[in-house]
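Engineer: Only the shape, not the letters, is given here:
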């Protein structure tokens, strides 16, 4: 198995790695959890360093470590506000100092695009990018692509509708970049104009033979999509909400949208969701988002094993 | 031993369980701590999820887990402000997702009455209510009743004066409800009118043959009480303080109040205390509140063992 | 080996202890980390209780515990804002209650001078002062003096320039007090007048035969110093910054200052640094501050072993 060093972007993974190494290892991890865990990472130490809070991501990384016998030796959930970061320390210094405390891996959530890469350049141990501002969130993208594979059995040829605040949400971007690893893909970006995904992303997809279309009404392609990937309107990330609410179009997943979908299609969401998916959808077997969240545990276990095992 | 699932309210426990199972197990736990702990919960995982901070409760649960060989695999102390909760996630979703990360138990402090019950309905693992807003705090009530039993040797027939902000403090309510499990009990509620305990609580107590009286001067019944249970004026819970301070009556426990008390009576307090008990009281052997706090460790160990053992 | 109880001040350590016990043990700890850690503190429990955040100090203590097989059973990083402290609890009560939860040691960062001493008086287990407001930070001083010993081979006869906000920075004070344990020492305090170190510290040093001088230009003694100990202008500690910025003098360590220094001299900093040392200095072998930070891990391991081993 190829040893991973840093995990910084979605693009760093190729299809062969995904299918030959990653997907099978994630499946193994799920089985290991069912058996109570493993001792694969005994003696390994993680620092979990979050500039801004993220229940789901931090919890799944820290619990993943425990399920393999490793330890979280230091954890902070709001370093931007509280720690030396608040005192003006640079990411270069933070990375040098944290790695100087001799952990085996540092899981890092930052608030500015590109910081994970800089941290990796100055760290003496592997860095995992757990989200860098409006940059990327590669482990989320990996759990997303794993969920699609697991739910639908294959990825080539799928039509994926990605909805929500695509201008600022790193989740959508990271997933879109990973989709380029597969064949005959079609992606619909569904968002108000002010929240549409960056042109450079669309160009990148097209240059990798992905068919790209945009829309501002989820009902238009609900019947065509194999995956509807809904994302949250990120109130804490800016003032686009008002414009979103005023924006023409239709973005909410409710029973009427589900009614239009294929029987074997699925609805995903990186969570937390607020009102973008109504609770009535939860009971439909196509609602895959809670299974997706649980996959986050197995995916992070697999990644940690690839880095530390 | 009957297996516990969720711990949500004080009322869910009956006298037989308290006396035959709970009290003896707590005593065992104290002995185990003196011997350095146990391995009873090896391989068990706790998520400690607090919407709002609580040093004492969170510390005693997390340390309890360690004294039995279990692990706290994820802990957050201010989820209301920091986590997905701040982004608007519902307790239903939070509960589903956290339990999807496969812990064996979730200790949950929330900020609204009834949330612990909802969390239990949506969780695939046991939930322990570590306080739900102005709702209940059942594990506090259990450590309170255990302290009374341990300090005074029996509970039937006691006179208990409960003082402070009874309108909003969940501690007083949870203890009062637990008192109904015993015989010939008398409860004085000592508070300014604006902070008196809810009529429905008084009615519930009376319907269970508890004699209930109210007062606004702790000195009136200091000589009659076997237990004076003082509580904190919760400044962070509202603006009642000004009215309290303006309120006629006497609520502070000082040397003069201690001087009125029976020789074998005790003073309790869920802590933290601010000015409701003056420091001069600390040295009196009747000051039971620090012993009470320590009992919190043994009580949480017993509860975790009943759920996970 | 003499058993340590509380660690409260720099003055409590004598030269013999430093040279015969402490320095050799720290060296051993560094070797143990290289070998993956030890089991010296198996079964030992630490409470890590910080009134205010400190990434470096908290991380190094918690990771130190893990490298020796001990456990951090409870950790809080902002108790001043979040915990019972915020509700008005006194340090006396906090100390009594935390020690009642039966840890083997409590690492305590507080925000007022003298609180660590009070905590020790009311605790039934050892307290380690991890900084008490503008008071002291003795474990920082110990890692500083260890770093000087390790980098320069000996301490007697050195000239040490201590720069920055000396009026409020506890680091400078704690180090200065430790310097009195050695012979033929010379200390320059380099700061604007409004930030100069307290006269009582200077008097204390002089009464212990340390030669003391002050300056407001680091360039004046850069060529004379064996150690330049730079400290941060603590923006969060008050409004002195404006005056500092307006103050005449020169305090920044940049390439021009390095150019003046002896070949074997070193630059230290307790970190985090903001602009007091320019990044160009980092690559110079005399820049010892990242090695100094790493020493914090080994020093805290040694101290924990002396208290708990």
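Structural biologist: Received it, and whenever you're ready, just let me know what you need. The model shown is predicted, which means the values in this text are computed figures rather than measured ones.

Engineer: CA atoms for contacts and neighbours, from now on please.
Structural biologist: Fine.

Engineer: Endpoint to endpoint, stretch A:225-232 covers what distance?
Structural biologist: For stretch A:225-232, the first-to-last residue distance is 19 Å (CA to CA, to the nearest Å).

Engineer: contact partners of it?
Structural biologist: A:148, A:158-165, A:169, A:172, A:222, A:253, A:261-262, A:264-274, A:276-277 (CA atoms under 8 Å, 6 or more residues apart in numbering or on different chains).

Engineer: now that stretch, how far from the centre of its chain.
Structural biologist: Its chain's C-alpha centre and that of stretch A:225-232 lie 13 Å apart, by CA atoms, centre = their mean, to the nearest Å.

Engineer: so where do the strands sit in chain A?
Structural biologist: A:45-50, A:71-76, A:105-110, A:127-132, A:159-163, A:186-190, A:211-215, A:227-230, A:266-268 (DSSP state E).

Engineer: Other residues contacting stretch A:20-27?
Structural biologist: Outside stretch A:20-27, the residues touching it (CA under 8 Å, 6+ apart) are A:1, A:146, A:298-299, A:301-303.

Engineer: Rounded mean pLDDT for stretch A:272-292, please.
Structural biologist: Averaged over stretch A:272-292, pLDDT sits at 95.

Engineer: Same question for stretch A:302-309.
Structural biologist: 96.

Engineer: same check, this time on stretch A:77-97
Structural biologist: 80.

Engineer: need the contact list for residue A:65.
Structural biologist: Residues near residue A:65 by CA under 8 Å, 6+ apart: A:41, A:46, A:71-72, A:301, A:304.

Engineer: try 10 Å
Structural biologist: Applying CA atoms under 10 Å, 6 or more residues apart in numbering or on different chains to residue A:65 gives the contacts A:37, A:40-42, A:44-46, A:59, A:71-72, A:297, A:300-301, A:304-305, B:73.

Engineer: Filter those residues down to the buried ones and hand me the ChimeraX line.
Structural biologist: To isolate the buried members of the contacts of residue A:65 in ChimeraX, using 16 or more other CA atoms under 10 Å in any protein chain shown:
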select /A:37,40,41,44,45,46,59,71,72,297,300,301,304,305 /B:73
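
Engineer: Please, where are all the helices along chain A?
Structural biologist: Shown for chain A, the helices assigned by DSSP state H span residues A:15-16, A:23-34, A:55-67, A:79-82, A:91-100, A:115-122, A:138-152, A:170-179, A:199-207, A:218-221, A:240-246, A:255-260, A:289-308.

Engineer: Can you tell me which of the ones you listed is nearest to residue A:5?
Structural biologist: For residue A:5, the closest of the helices of chain A is helix A:289-308, at 6.0 Å, according to CA to CA.

Engineer: Now look at the closest one and say if it contacts chain B.
Structural biologist: Yes - with CA under 10 Å from any CA of the partner chain as the criterion, chain B is reached by helix A:289-308 at A:289-298.

Engineer: Can you name every helix or strand that that helix contacts?
Structural biologist: Other elements packing on helix A:289-308 under the criterion 3 or more CA pairs under 10 Å, 6 or more residues apart in numbering or on different chains; DSSP states H and E are helix A:23-34, strand A:45-50, helix A:55-67, strand A:105-110, strand A:127-132, helix A:138-152, strand A:266-268, helix B:91-100.

Engineer: Quick check: beta-bridge partners of the nearest residue to residue A:213 once chain neighbours are set aside?
Structural biologist: Spatial nearest neighbour of residue A:213, excluding adjacent residues (CA to CA, 6 or more residues apart in numbering or on different chains): residue A:188 at 4.8 Å. For residue A:188, the beta-bridge partners are residue A:161, residue A:213 (DSSP bridges).

Engineer: Hmm, residue A:214 and residue A:188 touching each other?
Structural biologist: Yes - counting by CA atoms under 10 Å, residue A:214 is a contact partner of residue A:188 at 5.3 Å.

Engineer: Close to chain C: what parts of the stretch 101-250 of chain A are there?
Structural biologist: Of all the residues in the stretch 101-250 of chain A, those lying near chain C are A:101-103, going by CA under 10 Å from any CA.

Engineer: Dump these to CSV, plus neighbour count.
Structural biologist: Formatted as CSV, these follow (neighbours: other CA atoms under 10 Å in any protein chain shown):
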residue, neighbour count
A:101, 21
A:102, 22
A:103, 21
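
Engineer: can you give me the end-to-end distance of stretch A:184-192?
Structural biologist: Separation of the first and last residues of stretch A:184-192 by CA to CA is 26 Å.

Engineer: Tell me which residues of it come out buried.
Structural biologist: Buried-residue list, stretch A:184-192, by 16+ other CA under 10 Å: A:185-192.

Engineer: okay, now the domains of chain A?
Structural biologist: Taking automatic domain parsing as the domain assignment, the ranges for chain A are A:38-136, A:138-293.

Engineer: Pick the most buried one from those.
Structural biologist: Of all the domains of chain A, domain A:38-136 carries the top mean neighbour count, a mean of 22, counting by mean count of other CA atoms under 10 Å in any protein chain shown.

Engineer: from the chain's centre, how far out does that one sit?
Structural biologist: When distances are taken as CA atoms, centre = their mean, domain A:38-136 is centred 16 Å away from the chain's centroid.

Engineer: What residues does residue A:250 make contact with?
Structural biologist: A:190-192, A:215-220, A:257.

Engineer: just residue A:61 next, same as before
Structural biologist: Neighbours of residue A:61 in contact, by CA under 10 Å, 6+ apart: A:46, A:48, A:67, A:72, A:107, A:130, A:139, A:296-301, A:303-304, B:73-74.

Engineer: Pipe the buried residues of stretch A:184-192 into CSV and attach distance to residue A:13 per row.
Structural biologist: Converted to CSV, those look like this (distance: CA to CA, whole Å):
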residue, distance to residue A:13
A:185, 17
A:186, 20
A:187, 20
A:188, 23
A:189, 23
A:190, 26
A:191, 27
A:192, 31
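
Engineer: Take these and write them to JSON lines, including pLDDT and distance to residue C:197.
Structural biologist: Output for the buried residues of stretch A:184-192, formatted as JSON lines (pLDDT from 0 to 100; distance: CA to CA, whole Å):
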{"residue": "A:185", "pLDDT": "98", "distance to residue C:197": "68"}
{"residue": "A:186", "pLDDT": "98", "distance to residue C:197": "68"}
{"residue": "A:187", "pLDDT": "97", "distance to residue C:197": "65"}
{"residue": "A:188", "pLDDT": "96", "distance to residue C:197": "65"}
{"residue": "A:189", "pLDDT": "96", "distance to residue C:197": "61"}
{"residue": "A:190", "pLDDT": "94", "distance to residue C:197": "62"}
{"residue": "A:191", "pLDDT": "90", "distance to residue C:197": "60"}
{"residue": "A:192", "pLDDT": "85", "distance to residue C:197": "59"}
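
Engineer: How many residues are close by residue A:19?
Structural biologist: 13 (other CA atoms under 10 Å in any protein chain shown).

Engineer: what's the answer for the one 3 residues further on, then?
Structural biologist: Counted with other CA under 10 Å, the burial measure for residue A:22 works out to 21 neighbours.

Engineer: Retrieve the pLDDT associated with it.
Structural biologist: pLDDT recorded at residue A:22 is 97.
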